[in-house]
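**Student:** Pasting a predicted model and its sequence here:
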Amino acid sequence: MESNNKTAPVLELKDLQKSFGENHVLNGFNLKLYKGENLVVMGKSGSGKSVMIKCLVGLIEADSGSIRIKDHDITKLGQNELDILRTEIGFLFQGSALYDSMTVRENLEFPLRRHKKMLELKGNTESLVVEALTNVGLADAIDLMPAELSGGMQRRVALARALILKPKIILYDEPTTGLDPITAKEIIQLMRTIQDTYNTSSLIITHDVDCARVISNRMILLVDGINYAEGTYQELIASQDPKVQAFFKN
Ligand SMILES: Nc1ncnc2c1ncn2[C@@H]1O[C@H](COP(=O)(O)OP(=O)(O)OP(=O)(O)O)[C@@H](O)[C@H]1O
């Protein structure tokens, strides 16, 4: 089902195709992410969710199809334009992927340093680091090392790092994987708060049905390499289609 939001999508994948030899992973996958929404993409293990997100961030090249972010076809952008566009996108990848040998502060300063010149950030980046950490409830952890943090705290720091450039779009790849149910709930709650605070549009890849129920405004089910079914959680859970029902069984 198409969203009621009739404005132009902030991110759009059109007819995306990607094969590895005879393994046709994406067979014409379509996706539209609208401003301010949390869009969840669910798919079974091996269905191509990671391949889709890797195409989206340029880690692998799609065989065909188009990827538009804020009305730019990213396959046609030069390196400089791509770098500018990337500052508007935050990523939270599987696991937390913090640098073990850096403090929390240094981990957060990292994306700032990378983009400092382009963003014309003036001297002191401390206030941005403190603001991002405060928004994930971890201002006190600024001088700790990742090893001194629990799994949930590490995920929060990774989220703060994704937020530090105040991105308009956030991509979450399995944000609750590896967390116990209570910590997973806290992270989901935090993602909702972030949507409210920063007015971000989020694309969330997960196979956590509970996460999808709580966080999604809309969902896409990736089956057989296509956007097989779309709708709200309530619409999809009521579907009589066995392939859709399979997602919601236990
Ligand atoms: N670099 C690659 N080379 C060859 N095949 C690949 C490559 N990357 C992914 N694949 C294949 O693409 C298919 C989809 O993999 P993908 O990692 O996207 O699944 P997924 O939906 O993210 O699964 P999971 O939920 O388990 O992470 C799999 O069959 C996988 O073996």
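**Tutor:** On my side now, so go ahead.
**Student:** Indicate whether stretch 45-61 makes contact with the ligand.
**Tutor:** Yes. Counting by C-beta under 6 Å from any ligand atom, the ligand is contacted by stretch 45-61 at 45-51. All C-beta atoms are positioned from the backbone trio N, CA, C, and that covers glycine.
**Student:** same question for that stretch, mean pLDDT?
**Tutor:** Across stretch 45-61, pLDDT averages out at 89.
**Student:** Over to stretch 69-82?
**Tutor:** Average pLDDT, stretch 69-82: 81.
**Student:** just checking, Ala160 touches Val130?
**Tutor:** No. At 10.0 Å, Ala160 does not count as touching Val130 under the criterion of C-beta atoms under 8 Å.
**Student:** The two - which one has more neighbours?
**Tutor:** The residue with more neighbours, out of Ala160 and Val130, is Ala160; 27 against 15, by other C-beta atoms under 10 Å.
**Student:** need the contact list for that one.
**Tutor:** By C-beta atoms under 8 Å, 6 or more residues apart in numbering, the contact list for Ala160 reads 108, 132-133, 135-136, 138.
**Student:** This protein against the ligand: which residues are in contact?
**Tutor:** So far as C-beta under 6 Å from any ligand atom goes, the chain lies against the ligand at 20, 23, 25, 43, 45-51, 207.
**Student:** Secondary structure element holding the residue nearest to Asp73 when sequence neighbours are not counted?
**Tutor:** The shortest distance from Asp73 to any residue other than its chain neighbours is 5.6 Å, reached at Ser66 (C-beta to C-beta, 6 or more residues apart in numbering). In this assignment (DSSP states H and E), Ser66 forms part of strand 64-69.
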